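Asks: Dropping a prediction and its sequence here:
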There are 2 protein chains.
Amino acid sequence: MKKTLQQLGEDALISRLIEKMPRDPDPLAGPGDDCAVVDQGKGRPLQLLKTDAMVERVHFLATAPPRKIGWKAIARVTSDFAAMGGIPDRFLVTIALPAHWPVAFVESIYRGMADCLKAFGGTLAGGETTRVPEGSAAMISIAATGLVDRNHLVLRSGGRPGDLILVTGKLGGSITGKHLTFTPRQAESRWLVQHAKPSAMMDLSDGLAKDLPRLAKASGCGFALDSNSIPKTRGCTLDQAIEDGEDFELLLTLSPKKWPQLSANWKAAFPKLSLTVIGQLTDASDKQIALTGGWDPFSK
Amino acid sequence: MKKTLQQLGEDALISRLIEKMPRDPDPLAGPGDDCAVVDQGKGRPLQLLKTDAMVERVHFLATAPPRKIGWKAIARVTSDFAAMGGIPDRFLVTIALPAHWPVAFVESIYRGMADCLKAFGGTLAGGETTRVPEGSAAMISIAATGLVDRNHLVLRSGGRPGDLILVTGKLGGSITGKHLTFTPRQAESRWLVQHAKPSAMMDLSDGLAKDLPRLAKASGCGFALDSNSIPKTRGCTLDQAIEDGEDFELLLTLSPKKWPQLSANWKAAFPKLSLTVIGQLTDASDKQIALTGGWDPFSK
């Protein structure tokens, strides 16, 4: 019997697909990081490239407020730029919809997109509208360019054994509402790269249980988590905090020497948002604390 | 009763959506041309931005050979870059699929994409795989950057009354097979911008009946077509040549003074591909020859 996408899983599928494709011989960051990074030449900022899709009944429901659906679509990409220390620039918006959907609903989705562009920057450069067959899920696919100063770029791969592991905000329970209204951590990312540049960073989209191993692997490290210190959204269990997806908080690593000063400065800069040490990167040879679960789009 | 997308139609929908969004105050080309054009600063080529989606049962069938589906997805975008005189650079590939699809089928799609990247240039910079609910149409969404020298850029809006209207190749009947295997007119576009730069250009994706009025309108012109001169694919009627979509030939306009020399040089450069004068741009106040039909994704 032929192997299906569900049996293979997302990460293994991506590995098998990208190995077939022509790629940059020496990319600053390619498939596998939050964004691709393109060198535009000396004296110019680096360009970030990102694409992100939202599928109805997988990432959102058509019963959700359309303006929030639009916000989320743009905010997810804005969060990916923040994850690398960058800012949004140009957006291409593709929306594929059943032909019977009301125009007013779609207009509200675009109003929500405009809300997020106005709040965090970026302009609409182009896009496409098309139809899906009746009964098919609608889909919103966002592609965007971002910009990051060369000395502000943070990859997933820069972590070193001994670095502290930190997260912004609280984790878990996003599905109860935050996933539609979250604030991309643009301001926090800008502040971090200017004040205490993280050694590695990403945004938490698939849950800590899936995303932290990705960061550690990219950095060639293992990790040890202090499960008591993981900041949980009110009402959430530890399992939910670790395994729920769509937190869109920043996950970062930092030399322990930088932490005392950073901790004090952070509280002054962002009094309403926590920044919490949850563990430490270790040697790759160390046994990792087993973290399973997290959100795979091909699993049920 | 609320107005639906089908009732409004694609062009009117796009106009209503983009007016809500923050845009560049003075773009070289924004929503409405084949690609958006971004000025990257003096001494550097312009950057082209393009996104294009293919939906199962709208743009392709899952019974089609998967390698050709992949070719088509990349070739459509490559054709859009050619339409502006540019070349492909970085690609972001998003694919949304039912979880029960065989891995081997998806791998073949990517092989087809790689075929086209190797033939016409461009590298994979990133992308995403995600799931659609069972029963939903699969979707492939391609976003890409391209490059064009500032003096080679051709927009839809540069046509002038009196310019000849030309098309490459033959029109109509793409649905019988060519739509999956077409050759993006990259070489022809490069040659044209270097030897006899068109005043306006686009690629024929929705059919001459829909696309020519778009070019004429963008140029502030009317047009007169000589229906006897329209090059028809063997076995196609005039209606099919005018109204079928997905020809992916170049539609261009040119000062009549340039035509005699160009005609001779073209035949030497591309002996197997016709370049045919099919009409002339006129004053906008002239009555346009009525062309209706063409392919609207929201109509049945």
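Replies: Sure, I can see it. The structure presented is a predicted model; accordingly, all values stated were derived computationally and were not measured.

Asks: When you work out contacts or count neighbours from here on, use the C-alpha atoms and nothing else.
Replies: OK.

Asks: What ranges does the stretch 151-300 of chain A have for its strands?
Replies: Ranges of strands within the stretch 151-300 of chain A are A:164-168, A:200-203, A:221-225, A:250-254, A:275-283, based on DSSP state E, counting those that start in this stretch.

Asks: Kindly report the residues of the stretch 51-200 of chain A close to chain B.
Replies: Neighbours of chain B within the stretch 51-200 of chain A, by CA under 8 Å from any CA of the partner chain: A:51-53, A:55-58, A:92-94, A:99-104, A:107, A:110-111, A:113-114, A:117-118, A:122-133, A:135-137, A:141, A:143.

Asks: Can you tell me which of those are buried?
Replies: Neighbour-count burial (16 or more other CA atoms under 10 Å in any protein chain shown) applied to those gives A:51-53, A:55-56, A:58, A:92-94, A:99, A:101-103, A:107, A:110-111, A:113-114, A:117, A:122-133, A:136-137, A:141, A:143.

Asks: Narrow the residues you listed to those in strands?
Replies: A:51-53, A:55, A:92-94, A:123-132, A:141, A:143 (DSSP state E).

Asks: quick revisit: deepest of the strands of the stretch 151-300 of chain A, which one?
Replies: strand A:200-203 (a mean of 29; mean count of other CA atoms under 10 Å in any protein chain shown).

Asks: Can you verify my assumption that A:T168 contacts A:T253?
Replies: No - contact criterion CA atoms under 8 Å: A:T168 and A:T253 do not qualify, at 11.5 Å.

Asks: so what pLDDT did the closest residue to A:I242 other than its chain neighbours get?
Replies: Leaving aside its chain neighbours, A:I242 sits nearest to A:L208 (5.0 Å; criterion: CA to CA, 6 or more residues apart in numbering or on different chains). A:L208 is assigned 95 on the pLDDT scale.

Asks: quick one: which helix or strand includes A:Q6?
Replies: When elements are assigned from DSSP states H and E, A:Q6 belongs to helix A:5-8.

Asks: Just the angle for the helix or strand hosting A:G146 relative to strand B:139-148, thanks.
Replies: Taking DSSP H and E as the criterion, A:G146 maps to strand A:139-148. Relative orientation of strand A:139-148 versus strand B:139-148 (axes from the mean of the first three to the mean of the last three CA atoms, to 10 degrees): 30 degrees.

Asks: What are the contacting residues of strand A:139-148?
Replies: A:45-56, A:73-74, A:77, A:81, A:84-97, B:51, B:92, B:94, B:141, B:143 (CA atoms under 8 Å, 6 or more residues apart in numbering or on different chains).

Asks: Mind listing what's buried along it?
Replies: A:M139, A:I140, A:S141, A:I142, A:A143, A:A144, A:T145, A:G146, A:L147, A:V148.

Asks: I'd like these as a markdown table, with distance to B:Q194 appended.
Replies: Formatted as a markdown table, the buried residues of strand A:139-148 follow (distance: CA to CA, whole Å):
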| residue | distance to B:Q194 |
| --- | --- |
| A:M139 | 40 |
| A:I140 | 38 |
| A:S141 | 35 |
| A:I142 | 34 |
| A:A143 | 31 |
| A:A144 | 31 |
| A:T145 | 29 |
| A:G146 | 32 |
| A:L147 | 32 |
| A:V148 | 35 |
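
Asks: which of the residues you listed lies closest to A:A29?
Replies: A:V148 (12.9 Å; CA to CA).

Asks: pLDDT score for the closest one?
Replies: In the predicted model, A:V148 carries a pLDDT score of 97.

Asks: what does A:L291 give?
Replies: pLDDT, A:L291: 48.

Asks: Repeat that for A:G158.
Replies: Residue-level pLDDT assigned to A:G158 equals 96.

Asks: Please apply the same query to A:K287.
Replies: Reading off the model, A:K287 has pLDDT 51.

Asks: ditto for A:G177
Replies: 86.

Asks: Surely A:I95 and A:T129 touch.
Replies: Yes - using CA under 8 Å, A:I95 makes contact with A:T129 at a distance of 5.0 Å.

Asks: what touches both of these two?
Replies: By CA under 8 Å, 6+ apart, no residue touches both A:I95 and A:T129.

Asks: ok, A:K178 - contacts?
Replies: Contacts of A:K178 by CA under 8 Å, 6+ apart are A:D247.

Asks: And A:T78, by the same measure?
Replies: A:I87, A:P88, A:F120, A:P184, A:Q186.

Asks: where in the stretch 201-300 of chain A is pLDDT low?
Replies: A:285-300 (pLDDT under 70).

Asks: and with 90 instead?
Replies: Within the stretch 201-300 of chain A, the segments meeting pLDDT under 90 span A:227, A:284-300.

Asks: And the helices in it, which stretches?
Replies: A:208-218, A:238-243, A:259-269 (DSSP state H, counting those that start in this stretch).

Asks: One more: the stretch 1-150 of chain A?
Replies: Counting by DSSP H, counting those that start in this stretch, the helices of the stretch 1-150 of chain A are A:5-8, A:10-18, A:66-83, A:103-120.

Asks: looking at the ones you listed, which is buried most?
Replies: Mean neighbour counts for the helices of the stretch 1-150 of chain A (mean count of other CA under 10 Å) peak at helix A:66-83, with a mean of 27.

Asks: Let me know the angle separating it from strand A:250-254.
Replies: Using the same axes, to 10 degrees, helix A:66-83 lies at 10 degrees relative to strand A:250-254.

Asks: chain center to helix A:66-83: distance?
Replies: 10 Å (CA atoms, centre = their mean, to the nearest Å).

Asks: mind checking how far A:D244 is from B:S199?
Replies: 55 Å (CA to CA, to the nearest Å).

Asks: Tell me how many other residues crowd A:K2.
Replies: Using other CA atoms under 10 Å in any protein chain shown, the number of residues around A:K2 comes to 11.

Asks: Just to check, it is in contact with B:H100?
Replies: No - under the criterion of CA under 8 Å, A:K2 makes no contact with B:H100, lying 9.8 Å away.

Asks: Show me what the closest residue to A:Q40 other than its chain neighbours is bridged to.
Replies: Excluding the flanking residues, the one nearest A:Q40 by CA to CA, 6+ apart is A:L46, at 5.9 Å. Taking DSSP bridges as the rule, A:L46 bridges to A:V148.

Asks: what about A:L46, distance to chain B?
Replies: Going from A:L46 to chain B by CA to the nearest CA, to the nearest Å gives 12 Å.

Asks: mind checking pLDDT for that residue?
Replies: Reported pLDDT for A:L46: 95.

Asks: what does A:D11 give?
Replies: Reported pLDDT for A:D11: 81.

Asks: repeat for the one 10 residues further on
Replies: For A:M21, the pLDDT comes out at 92.

Asks: got a list of what it touches?
Replies: Contacts of A:M21 by CA under 8 Å, 6+ apart are B:Y110, B:R111, B:M113, B:A114, B:L117, B:T123, B:L124.

Asks: How about the contacts made by the residue nearest the centre of chain A?
Replies: Nearest to the geometric centre of chain A sits A:D203, at 3.7 Å (CA atoms, centre = their mean). Counting by CA under 8 Å, 6+ apart, A:D203 makes contact with A:D34, A:S79, A:D80, A:A82, A:A83, A:F248, A:E249, A:L250, A:L251.

Asks: I'd like the contacts of A:T78 as TSV, with pLDDT appended.
Replies: Shown next, in TSV, are the contacts of A:T78 (pLDDT from 0 to 100):
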residue	pLDDT
A:I87	98
A:P88	98
A:F120	98
A:P184	98
A:Q186	98
